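[1] fold the following, please.
(chains A and B)
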Amino acid sequence: MIKLDQIELHQGDFHLQQLCLDIPKGCYAVLMGKSGCGKTTLLEILAGLRPVQAGSIWLGHQEVTHLKPAARQLGYVPQDRALFPTMRVREQLGFSLRLRPFSKEEISKRVNEMARWLNLEHLMERLPQSLSGGEAQRVALGRALASRPGILCLDEPLSGLDQDLHDEACSLLESIHQETGMTILHVTHSRHEADRLANRLWVIDEGQVRPSA
Amino acid sequence: MVVLGGFYVVMILLMVLADFAYTDLESLKRTLSEPEIQYSLKLSLLSCTLSTLMSLVVAVPIGYIMSRFTFRGQSVVDAILDIPIVLPPLVVGISLLVLFNYPPFHWLSRWVVFEVPAVVLAQFMVACAFAVRTMRVSFDQIPVRFEQVALTLGCNRSQAFWLVVFPQSRRGLLAAGTLAWARSLGEFGPILVFAGSTRMRTEVLPTSVYLEMQSGDLKGMLSVSILMIALSAAVLILARALGMQRINA
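    Next comes the predicted model:
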């Protein structure tokens, strides 16, 4: 469950005013909006990367408004994927696990499972610079999912992919949602993407979020 | 533009070639085999390496803070960090000498002033400013997004820096180290004032050039100069070669 209650954020000309959003557990939610309307900002607020001036944020049954990003147990995939340039795919997938009290064997097992699931096994020793757009997107998803978060936030995850890869990535996201049952918040400006993936659809406009018809 | 740029490149080459043309191999061998010059060479290599390491240790955190954080008085701190770059080198030496007249520095002055630590400190004070500037530019070029993602994956700020940002800054680190080392090697004014020019004690290569000139040994002076040119060129070539290897890796 994701719940934003009366969120206020004012930065220069940009405003979120008394923004409320309630996404039920296990839902694949899509948030649509024009460029610059605050979609990415909303994800950054959820991830704890941007503090709010008022209101409260709930993830599951825990209030996380003042918690640091690491304590929120939330997977986040930014639009540019931000794969670490100095790490090979294997290290990217195991990154979050190495920060937690897992044994080397457990990390290796989970990384291999993730690689198999996302079809990354043949890319494990590659650096991000040598990956195609679709491969980079799967690695970014795998890195965010490796620690098995309860919530996944995706910022325009299918942008920059050609039509074939776009369809393939949509199927992958559907499969991730079905197999994990996690709550997913997917931000996009594509109606086609939203129609295909969303259980519930919201639109953000002028600092407010409202359900879409 | 090509003519102007070409003129500058040719002038640099002509300066170096003139040094070679004015001396001969015999003088070069004789000068370099003198115990004073050998001591000077060893001290230069040691002090430059120490001051470079000290500069990097300081430049990495300052460069990162100046790149990533906004705080009150930041522009003042920024200007202070540039002072050693714009200050005449002699003034750096005089200021260090005066500083070591006041406590708590005064308590250490007998082990520092006109001793080897003064050489290292004088080199560090100037070289570090260049290292800080280079590291800041290096961190500026690394998008903040990487740290943000690392935070969401479970890192604290320190882990995000050491695991994600620092490995990406290695080219900047190499550039900062090269620049600091080369600056340290060429430092003369502050060393002359703060460490003195005592042979076999605080004599580094620029001091040797100065002392050879004072004694009227022009060929000796040029021989030491050629040695400095060779060292600087070797460091630059090595740094570029290492940089290229890492990029290719």
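[2] residue A:34 - nearest residue in space that isn't next to it in sequence?
    Distances taken as Cβ to Cβ, 6 or more residues apart in numbering or on different chains put residue A:189 closest to residue A:34, at 6.6 Å, once the chain neighbours are dropped. (Glycine included, C-beta is placed from N, CA and C.)
[3] is residue A:3 located within a strand, as I assumed?
    Yes: secondary structure of residue A:3, determined by DSSP: H, G, I helix; E, B strand; the rest coil: located in a strand.
[4] what about the nearest residue to it once chain neighbours are set aside, neighbour count?
    Spatial nearest neighbour of residue A:3, excluding adjacent residues (Cβ to Cβ, 6+ apart): residue A:58 at 3.9 Å. Neighbouring residues of residue A:58 were enumerated by other Cβ atoms under 10 Å in any protein chain shown; the total is 15.
[5] list the beta-bridge partners for the residue nearest the centre of chain A.
    Computing the C-alpha centroid of chain A and ranking residues by Cα atoms, centre = their mean puts residue A:153 first, at 2.3 Å. Assessed by DSSP bridges, residue A:153 has beta-bridge partners residue A:76, residue A:185.
[6] quick check, the residue nearest to residue A:3 in a strand?
    Yes: according to three-state DSSP, the state of residue A:58 is that of a strand.
[7] mind listing what residue B:188 touches?
    Residues in contact with residue B:188 (Cβ atoms under 8 Å, 6 or more residues apart in numbering or on different chains) are B:89, B:206-207, B:209-210.
[8] so for the helix or strand residue B:230 falls within, mean pLDDT?
    Assigned by DSSP states H and E, residue B:230 belongs to helix B:218-248. For helix B:218-248, the mean per-residue pLDDT is 80.
[9] from the rest of the structure, what touches the longest helix seen in chain A?
    Secondary structure of chain A per DSSP state H: the longest helix is helix A:163-180. With contact meaning Cβ under 8 Å, 6+ apart, helix A:163-180 is reached by A:28, A:118, A:133-134, A:137-138, A:141, A:145, A:148, A:152, A:154, A:157-158, A:161, A:182, A:184, A:186, A:193, A:196-197.
[10] which of these are buried?
    With burial judged by 16 or more other Cβ atoms under 10 Å in any protein chain shown, the buried subset of the contacts of helix A:163-180 is A:28, A:118, A:133-134, A:137-138, A:141, A:145, A:152, A:154, A:157-158, A:161, A:182, A:184, A:186, A:193, A:196-197.
[11] in helices, which of those residues fall?
    With helices taken from DSSP H, the overlap with the buried ones among the contacts of helix A:163-180 comprises A:133-134, A:137-138, A:141, A:145, A:193, A:196-197.
[12] what parts of chain A come near chain B?
    Taking Cβ under 8 Å from any Cβ of the partner chain as the contact definition, chain A meets chain B at A:44, A:47-49, A:68-70, A:72, A:74-76, A:78, A:80, A:82, A:84-86, A:95-96, A:99-100, A:143-144, A:147.
[13] of those residues, select the buried ones using a ChimeraX command.
    In ChimeraX, a selection of the buried entries from those looks like this (16+ other Cβ under 10 Å):
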select /A:44,47,48,49,69,70,72,74,75,76,78,80,82,84,86,95,96,99,143,144,147
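[14] now, the residues of chain A next to chain B that are in helices?
    When DSSP H is applied, the residues of chain A next to chain B are split such that A:44, A:47, A:95-96, A:143-144 fall in helices.
[15] near chain A, which residues of chain B show up?
    For chain B, the residues found near chain A under the criterion Cβ under 8 Å from any Cβ are B:143, B:145-146, B:148-156, B:159, B:163-164, B:167-168, B:170.
[16] just the buried ones from those residues?
    By the neighbour-count criterion of 16+ other Cβ under 10 Å, the residues of chain B next to chain A include these buried positions: B:146, B:148-155, B:159, B:163-164, B:168.
[17] just flag the most distant two among those.
    B:154 and B:168 (18.9 Å; Cβ to Cβ).
[18] that older thread, need the max-distance pair from the ones in helices among the buried ones among the contacts of helix A:163-180.
    The two members of these with the most space between them (Cβ to Cβ) are A:145 and A:196, at 20.3 Å.
[19] nearest the middle, which residue of chain B would you pick?
    With Cα atoms, centre = their mean applied to chain B, the nearest residue to centre is residue B:180, 2.5 Å.
[20] for residue B:130, see how far away that residue is.
    Here the criterion is Cβ to Cβ, to the nearest Å. By it, residue B:180 lies 6 Å from residue B:130.
[21] common neighbours of these two, please.
    Here residue B:180 and residue B:130 share the contacting residues residue B:55, scored by Cβ under 8 Å, 6+ apart.
[22] please name the nearest non-neighbouring residue to residue B:178.
    Leaving aside its sequence neighbours, residue B:178 sits nearest to residue B:239 (Cβ to Cβ, 6+ apart; 4.0 Å).
[23] which residues touch the residue nearest to residue A:92 when sequence neighbours are not counted?
    With Cβ to Cβ, 6+ apart as the measure, residue A:143 is the residue that lies nearest to residue A:92, at 4.8 Å, once sequence neighbours are left out. With contacts defined as Cβ under 8 Å, 6+ apart, the neighbours of residue A:143 are A:83, A:92-93, A:95-96, B:153.
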